[in-house]
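K.L.:
using only what follows, build the 3D model:
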Amino acid sequence: MKIGIIGCGRIAQERHIPEYAAHPGAELFGYYDFVASRAEEMAKQYGGRAFTSVEELLECAEIDAVSVCTANNAHAQTTIAALRAGKHVLCEKPMATSMEECEAMAAEARRSGKVLMIAQNQRFMSEHVKAKELLALGVIGRILTFRTCFGHSGPDHWSVDRGTGNWFFDKRQSVFGCMADLGIHKTDLIQFLLDSEVEKVKAMTDTLDKCYADGSRVDVEDNAVCLFRLKNGVIGTMTASWTYYGEEENGTVLYGTDGSMKIRDGSVEVCLQSGDRVLYRMPPRSSSGVIDAFLDCLICGGAVPVSGERVLSAMRAVFAALDAAKEK
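P.N.:
Sure thing, here's the model as predicted:
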């Protein structure tokens, strides 16, 4: 599969590009970034060529599939254009910046017959795969409640452009903050683990600390706390934060009628009401799993892992949470 990369920022440089390069079924063929030197550097390092525009890249008949790694506000337009150009698409999260855009992307994928996958990488983490298996066995009984959290120091610390001057903090490009960056991950994950969809939402969001160079607070939320009720009756909290300046937190705890399950980076611990405990340690990850799943789908066929259609419900929950917070 000949691959085009649209957007050569940090996520492309650290995940998409090297993982395509490591896959025997992929050839990195083209790159585009509005900062031309980034695309040129990736072409020099991994092979292929830099294109001068998205349109030029999509017009290239040799390219079979693209990764869309742009700012949030370009996801829908770029994805739809790529699908119409006959390309399969792996789009970074969040899927898009409005529900209408998300639905238009899914509709275009159906119309074109091309694959549209969203990079919800939490589903592929080994601890979440193991947790899903254990939940299917009913090891902690019927799930009653949960708490899930994803927090780190924010894109001003890890983006290719450091500081709050990058697109993540420009509301015209990002549209929203930590809810779309981290909250969508945990919202999608809890639906995946519990085989249900968020039905009701209460939420509070705020900008507690992130500031622009002039000292004014950034225009997007840096913290969000949500209360979810799923269609299966389970209730729980989802927290997303860009102000965890110490250790990153990415964990989920599920409470069932027979015990609890603690899911952390690289491990799953089952604690039963009887007092028994079982700790499952996962081997270190060599990749996100997203690129492998996308390529395996294209090469071998079968169902699309994390299709755009399947992410719509998680996006609805995120938009509902933002609305709930705004309306108090």
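
K.L.:
from here on, contacts and neighbour counts on C-alpha atoms
P.N.:
Fine.

K.L.:
which residue ranges form the strands in the protein?
P.N.:
Counting by DSSP state E, the chain has strands at residues 2-6, 27-32, 49-50, 65-68, 88-91, 116-118, 143-151, 198-206, 223-230, 235-241, 249-256, 259-264, 267-272, 277-281.

K.L.:
now the ones you listed as JSON lines including mean pLDDT?
P.N.:
As requested, the strands of the chain are exported to JSON lines (pLDDT from 0 to 100):
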{"stretch": "strand 2-6", "mean pLDDT": "98"}
{"stretch": "strand 27-32", "mean pLDDT": "98"}
{"stretch": "strand 49-50", "mean pLDDT": "98"}
{"stretch": "strand 65-68", "mean pLDDT": "98"}
{"stretch": "strand 88-91", "mean pLDDT": "98"}
{"stretch": "strand 116-118", "mean pLDDT": "98"}
{"stretch": "strand 143-151", "mean pLDDT": "98"}
{"stretch": "strand 198-206", "mean pLDDT": "98"}
{"stretch": "strand 223-230", "mean pLDDT": "98"}
{"stretch": "strand 235-241", "mean pLDDT": "98"}
{"stretch": "strand 249-256", "mean pLDDT": "97"}
{"stretch": "strand 259-264", "mean pLDDT": "97"}
{"stretch": "strand 267-272", "mean pLDDT": "98"}
{"stretch": "strand 277-281", "mean pLDDT": "97"}
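
K.L.:
distance to residue 161 for the ones you listed - can I get that in TSV?
P.N.:
As requested, those are exported to TSV (distance: least, C-alpha to C-alpha, whole Å):
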stretch	distance to residue 161
strand 2-6	17
strand 27-32	17
strand 49-50	20
strand 65-68	18
strand 88-91	21
strand 116-118	24
strand 143-151	20
strand 198-206	23
strand 223-230	21
strand 235-241	20
strand 249-256	23
strand 259-264	29
strand 267-272	32
strand 277-281	35
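
K.L.:
where does the nearest residue in space to residue 188 that is not next to it in sequence land on pLDDT?
P.N.:
Among residues not flanking residue 188 along the chain, residue 314 sits closest, at 5.2 Å (C-alpha to C-alpha, 6 or more residues apart in numbering). Per-residue pLDDT puts residue 314 at 98.

K.L.:
next one: the one 3 residues further on
P.N.:
Residue 317 is assigned 98 on the pLDDT scale.
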